[in-house]
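**Student:** My questions concern the predicted model and sequence given below.
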Amino acid sequence: KYSSYPVQFDARQVQYTYTELHQLQDSIGSDLKSLATEGINIVQVGVDVVANRVRIGVASLTPHQGSALTAQYGPQVTVVAGEAPTVAICVSRYNCGNPTKGGIYTTDPYQSCTTGFLARNVSALILYIIIAGHCMGNGGGTGTTWLHNGSAIGTGSWYEWYYGANSDFAGIAPASGTTLSNQVYASSSTDIRSISSIRSSVAQTVGTSICRAGYMSGYTCGQITATDMIVTVSPPGYPIYHQWQTNFTSIEGDSGGSMIYGYTAFGVLSSKTTGHSWYSPIDRLTSDEGIRLCLDVLCN
């Protein structure tokens, strides 16, 4: 009824409709100037679909300001302390400022890889930077610091990389000051894609168009040439299940790179052979780890 592909829905009763909340967001947006004259500096306004509220971020928030906004806009809002965003300088895959994006260079003391996507744990709402599991498993493991352009972006938290694994994913817990969204560095610093959907495994069929964003090879497009394969990846020779193949190759360092097409996420690059790249489809991230991609700027 709702989709031509097998999907899972979480149904729950909420107090406010999305339309009601979005209308309230627009109303608050029209009041920004007048609120600023009252000393209330709102820096973020958006619908928090999980909390079923409009979240208002206020710079240098005081209790009086919080009470005033709640009184003005009602129980549909949540008022929190916010930080005024600054312009992020993004000039290359090696130097691309906040928010952290997929498709850019990252390294720990042992491995250099590419970030894939930004995501959050479904139940605990914990944020992660997703990379390939072997980047962490063959390197320093969990607890090591991952860097971008010389600055820490987070710490290794978990990885899926062992004999007979169903996927090749790992999660970096973001450092303080590292912000996440739904963006991927695609073909250049002026081609930053806001990922808005995922392609399920069953819809990733042979002949489907797909592209890879990796810090070594850059942005390459082609087609899917094989699906749901078992691939033995060396080192150390682990068989990894549920791997998809493309008709373009990659280079060491591209591992973890974003597999996308347009604004849709397909998966995370795992390995390469002559003329081919292999990747883990992104819906394995939810089924195996209970983690879902960020599909909006607030990573709800």
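**Tutor:** Now that the structure is in, tell me what you want to look at. All values derive from a computational prediction rather than experimental measurement.

**Student:** Can you tell me how far Pro239 is from Arg12?
**Tutor:** With distances taken as C-beta to C-beta, to the nearest Å, Pro239 is found 39 Å from Arg12. Where C-beta positions appear, they are placed from N, C-alpha and C, glycine not excepted.

**Student:** Pick out whichever of the two has more residues nearby.
**Tutor:** More crowded of Pro239 and Arg12, by other C-beta atoms under 10 Å: Pro239, with 12 against 5.

**Student:** surely the more buried one meets Trp161?
**Tutor:** No: using C-beta atoms under 8 Å, Pro239 is not in contact with Trp161; the gap is 11.9 Å.

**Student:** between those two, what contacts are shared?
**Tutor:** Common contacts of Pro239 and Trp161 (C-beta atoms under 8 Å, 6 or more residues apart in numbering): none found.

**Student:** Point out where the stretch 201-300 of the chain drops to low pLDDT.
**Tutor:** 300 (pLDDT under 70).

**Student:** where do the helices sit along it?
**Tutor:** 283-289 (DSSP state H, counting those that start in this stretch).

**Student:** ok, which stretches of it are strands?
**Tutor:** Ranges of strands within the stretch 201-300 of the chain are 209-214, 218-233, 238-246, 258-261, 264-273, 276-281, 291-293, based on DSSP state E, counting those that start in this stretch.

**Student:** can I get those in TSV with distance to Ser112?
**Tutor:** Compiled in TSV, those are given as follows (distance: least, C-beta to C-beta, whole Å):
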stretch	distance to Ser112
strand 209-214	11
strand 218-233	15
strand 238-246	20
strand 258-261	16
strand 264-273	14
strand 276-281	17
strand 291-293	23
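
**Student:** Let me know which of these is the nearest to Trp146.
**Tutor:** Proximity to Trp146 (C-beta to C-beta) singles out strand 264-273 among the strands of the stretch 201-300 of the chain, at 15.2 Å.

**Student:** For that closest one, list every residue counted as buried.
**Tutor:** Thr264, Ala265, Phe266, Gly267, Val268, Leu269, Ser270, Ser271, Lys272 (16 or more other C-beta atoms under 10 Å).

**Student:** now for that strand, which elements pack on it?
**Tutor:** If you count contacts as 3 or more C-beta pairs under 8 Å, 6 or more residues apart in numbering; DSSP states H and E, strand 264-273 packs onto strand 197-198, strand 209-214, strand 218-233, strand 238-246, strand 258-261, strand 276-281.

**Student:** Quick one: list the elements packing against the first one.
**Tutor:** Spelled out, it's strand 197-198. Contacts defined by 3+ C-beta pairs under 8 Å, 6+ apart place strand 197-198 against strand 264-273.
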